[in-house]
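K.L.:
coordinates only, sequence not included:
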């Protein structure tokens with residue numbers, strides 16, 4: 001009996017198990033299928049900015065409210081510099097999307113006006129395989145007419161692909177590409193905090209928010225005293241109450257609003273005036289901070305309060321938003337030309353030899369000016385920015401010169417990286433007739449360049465214009481006991497070619513057919529490989545200003561005239577003679593090419609420069625302004 005009961009009990013349990021299994025299996029299948037379907041729909045939604053949640057208070061709170069992670073670089077670095085050339089898009093796996101567009105916009109707000117304006121949606125929350133994650137490029141495919149219109153509209157309004165930015169998460173991930181030396185560096189546990197100041201005018205919604213979140217996400221909270229957003233009189237609705245509401249969930253972030261359009265310089269000073277931290281960190285409003293970006297900056301200033309530091313500025317592609325990291329060994333330094341414009345250059349050998357390791361700070365003659373940290377007291381001691389400067393331009397060179405000349409050091413830190421969207425044009429407009437760059441540069445030259453200022457004035461035809469009163473700025477320099485600009489040139493930037501050392505400088509005028517035609521060409525990297533031009537002489541410098549060096553180069557800054565059998569072109573100077581060597585005879589006024597022995601002349605219609613056998617014709621005769629052959633003799637004797 002006992003055995004029979006045991007057998008019956010076993011079969012009863014088997015029946016119960018089978019019944020349960022029959023019931024559970026279809027239920028499990030339904031649940032799994034539903035989850036997969038839901039996840040697929042969510043993925044589609046996150047790829048589409050139009051389907052992202054509306055920006056009402058509380059949106060994206062799950063991501064905004066979490067504790068920031070504690071993890072320990074309008075003008076792109078010039079294309080002519082090899083170390084700054086961005087990698088091609090096929091370096092990474094390219095994310096290709098055919099995003100959908102919402103057919104109606106239901107969510108609207110009343111933005112201090114008599115009519116309703118559409119709310120901009122917030123990009124979806126981060127997915128580790130989402131668009132743009134790990135800094136990968138986003139390439140849009142198969143766009144509808146409406147999508148194409150929105151893409152073009154974004155480009156027109158922002159000078160970058162806003163549509164792609166709107167697809168990418170505000171908290172997108174970036175790879176940690178710091179060198180081992182950077183990762184293993186130990187920082188003081190009690191580093192001083194910083195006030196991060198971000199100035200903006202009509203910035204795109206997703207780009208501005210991604211800048212803010214990258215600051216908070218990749219900085220130790222105790223090192224961020226505050227993030228100050230300076231609104232330079234924006235008039236887009238999403239930058240008004242909508243921004244204020246969004247920031248209610250970010251207590252460290254506050255907005256200071258200018259009462260009128262001030263320009264970058266005065267906007268930065270406005271931010272500094274309300275800051276609380278002992279260190280100021282300036283960032284542009286279209287940046288992304290990389291892992292461990294902040295600690296190296298603060299450590300260098302903690303070591304020496306007169307050190308001004310800049311991160312390495314990485315390139316964020318303006319179309320695909322791919323993040324291009326530069327290796328620690330590819331750090332470039334800032335310079336300037338005699339138009340008083342900022343330039344990038346390969347690190348000079350003397351600086352490379354001074355450093356023992358590639359992650360050590362790099363001394364730089366100048367800085368780009370958009371991204372840097374400075375001790376607030378030192379900034380004030382230097383007189384902050386010249387209050388006579390208007391809008392933007394020249395402020396970065398002024399701060400660079402007086403940092404070096406008045407007791408400080410300017411460094412670029414290979415261990416600190418911040419990405420920056422480099423735009424090819426400015427999307428903003430100012431009143432016509434305002435030549436603020438000229439005014440600012442003349443003020444800069446008058447106060448800081450000493451006798452070297454004439455080289456700039458030659459470039460602008462000595463047309464100084466009304467640059468205002470610089471008495472107080474000169475008094476500031478005197479009171480600080482700053483060094484001379486000659487000291488700066490010899491000790492900080494000896495690589496820069498000095499026009500005074502040239503055999504000739506100014507216009508190069510052809511003497512044939514009336515003698516009113518001059519060599520004329522732009523000489524920026526974008527103009528390299530293009531034929532040299534001709535234009536009626538105007539005596540205003542600019543594109544007609546050239547220097548004839550002792551090495552036989554006809555040059556302007558880093559561009560030289562180069563002839564290899566075709567057109568005479570503008571080409572990067574290489575200092576090796578050859579195709580870039582020219583011989584000027586002031587007695588017969590010929591310019592002869594060093595290797596081909598052909599003479600430079602002009603065509604019959606005065607439209608182009610031609611090279612041909614020397615025949616003594618007037619079209620092969622030139623007058624090089626301010627040519628002094630005695631400089632060549634003195635150089636030979638020395």
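P.N.:
That came in fine, so what should we check first? Being a predicted model, the structure only gives us computed values, none of them experimental.
K.L.:
next SSE after the helix or strand containing residue 441?
P.N.:
Using DSSP states H and E, the secondary-structure element containing residue 441 is helix 436-448. Beyond helix 436-448 on the C-terminal side, the first helix or strand identified by DSSP H and E is helix 453-459.
K.L.:
Show me which positions of that next one end up buried.
P.N.:
453, 455, 456, 457, 458, 459 (16 or more other CB atoms under 10 Å). From N, CA and C alone the C-beta is placed, and that goes for glycine too.
K.L.:
that older thread, what helices and strands are in contact with the helix holding residue 441?
P.N.:
Secondary structure elements in contact with helix 436-448, counted by 3 or more CB pairs under 8 Å, 6 or more residues apart in numbering; DSSP states H and E, are helix 395-405, helix 453-459, helix 471-480.
K.L.:
avg pLDDT for it?
P.N.:
Helix 436-448 comes out with an average pLDDT of 92.
K.L.:
Could you do stretch 231-239 as well?
P.N.:
93.
K.L.:
what sits against residue 383?
P.N.:
With contact set as CB atoms under 8 Å, 6 or more residues apart in numbering, residue 383 has these partners: 402, 473, 476.
K.L.:
Of these, which is the most crowded?
P.N.:
Neighbour counts for the contacts of residue 383, by other CB atoms under 10 Å, peak at residue 402, which reaches 24 neighbours.
K.L.:
Near the nearest residue to it once chain neighbours are set aside, how many residues? Count them for me, please.
P.N.:
For residue 402, the nearest residue in space outside its immediate sequence neighbours is residue 382; the separation is 5.2 Å by CB to CB, 6 or more residues apart in numbering. When neighbours are defined as other CB under 10 Å, residue 382 has 23 of them.
K.L.:
Show the pLDDT at residue 382.
P.N.:
In this model, residue 382 carries a pLDDT of 98.
K.L.:
chain center to stretch 459-479, what's the gap?
P.N.:
Remark: stretch 459-479 is offset 28 Å from the chain centroid, using CA atoms, centre = their mean, to the nearest Å.
K.L.:
Can you point out the buried residues in that stretch?
P.N.:
Under 16+ other CB under 10 Å, the buried positions of stretch 459-479 are 459, 460, 464, 467, 468, 470, 473, 476, 477.
K.L.:
Same check on stretch 298-315?
P.N.:
298-302, 305-315.
K.L.:
can you give me the end-to-end distance of stretch 267-278?
P.N.:
Distance across stretch 267-278, first residue to last, is 19 Å (CA to CA, to the nearest Å).
K.L.:
Contacts for that stretch next, please.
P.N.:
Stretch 267-278 is contacted by residues 192-195, 197-199, 201, 225-226, 228, 230, 232, 256, 258, 262, 280, 282, 375-377, 379, 384-385, 387 when judged by CB under 8 Å, 6+ apart.
K.L.:
pretty sure residue 320 belongs to a helix, no?
P.N.:
No - the assignment for residue 320, made by DSSP: H, G, I helix; E, B strand; the rest coil, is coil rather than a helix.
K.L.:
Might one say that it is in contact with residue 163?
P.N.:
No - taking CB atoms under 8 Å as the definition, residue 320 is not a contact partner of residue 163, at 11.2 Å.
K.L.:
Tell me which of the two has more neighbours.
P.N.:
When residue 320 and residue 163 are compared for neighbours, residue 163 comes out ahead with 24 against 19, by other CB under 10 Å.
K.L.:
tell me which element the more buried one is part of?
P.N.:
When elements are assigned from DSSP H and E, residue 163 belongs to helix 162-167.
K.L.:
And the very next helix or strand once past that helix, what's buried?
P.N.:
Counting by DSSP H and E, the next helix or strand C-terminal to helix 162-167 is helix 180-183. Neighbour-count burial for helix 180-183 flags residue 182 (criterion: 16+ other CB under 10 Å).
K.L.:
who touches helix 180-183?
P.N.:
Residues lying outside helix 180-183 but in contact with it, judged by CB under 8 Å, 6+ apart, are 72, 176, 292, 296, 328, 357, 358, 359, 414, 415.
K.L.:
to the chain's geometric centre, what's the distance from the strand of greatest length in the chain?
P.N.:
If each strand of the chain is counted by residues according to DSSP state E, the longest one is strand 409-421. Computed by CA atoms, centre = their mean, the separation of strand 409-421 from the middle of its chain amounts to 11 Å.
K.L.:
for stretch 319-334, same thing?
P.N.:
10 Å.
K.L.:
what do you get for stretch 559-566?
P.N.:
Taking the mean of its C-alpha atoms, stretch 559-566 sits 30 Å from the chain's own mean (CA atoms, centre = their mean).
K.L.:
Likewise for stretch 276-291?
P.N.:
Averaged C-alpha coordinates place stretch 276-291 at 14 Å from its chain's average position (CA atoms, centre = their mean).
K.L.:
tell me which residues of it are tucked away?
P.N.:
Buried positions in stretch 276-291, judged by neighbour count with 16+ other CB under 10 Å: 277-291.
K.L.:
How about stretch 240-253?
P.N.:
240, 242, 243, 246, 247, 252, 253.
K.L.:
Between all of these, which two are at the greatest distance?
P.N.:
Pairwise distances among the buried residues of stretch 240-253 were taken by CB to CB; the largest, 20.6 Å, belongs to 240 and 252.
K.L.:
Averaged pLDDT, stretch 556-567. What do you get?
P.N.:
Mean pLDDT, stretch 556-567: 93.
K.L.:
That stretch: which residues count as buried?
P.N.:
Buried residues in stretch 556-567 (16+ other CB under 10 Å): 556, 557, 558, 559, 560, 561, 562, 563.
K.L.:
can you pull up the bridge partners for the fifth one?
P.N.:
Applying DSSP bridges to residue 560 yields these beta-bridge partners: residue 555, residue 571.
K.L.:
Might you report the residue contacts of it?
P.N.:
By CB under 8 Å, 6+ apart, the contact set of residue 560 is 553, 554, 570, 571, 572, 573, 574, 580.
K.L.:
just the last one next, same as before
P.N.:
Residues in contact with residue 563, defined by CB under 8 Å, 6+ apart, are 569, 579, 593, 596, 598, 611.
K.L.:
If we use 7 Å, what do you get?
P.N.:
When contacts are counted by CB atoms under 7 Å, 6 or more residues apart in numbering, residue 563 touches 579, 593, 596, 611.
K.L.:
Phi first, then psi, for it.
P.N.:
Note on residue 563: backbone dihedrals following degrees, to the nearest 10 are phi -130, psi 120.
K.L.:
what about it, distance to residue 571?
P.N.:
Relative to residue 571, residue 563 is positioned 9 Å away (CB to CB, to the nearest Å).
K.L.:
Could you do the first one as well?
P.N.:
The spacing between residue 556 and residue 571, counted by CB to CB, is 12 Å.
K.L.:
hang on, the earlier thing: give me the buried subset of the contacts of stretch 267-278.
P.N.:
Buried among the contacts of stretch 267-278 (16+ other CB under 10 Å): 192-195, 197-199, 201, 225-226, 228, 230, 232, 256, 258, 262, 280, 282, 375-376, 379, 384-385.
K.L.:
Out of these, list just those in strands.
P.N.:
The strands, defined by DSSP E, take in 194-195, 197-199, 225-226, 228, 230, 256, 280, 282, 375 from those.
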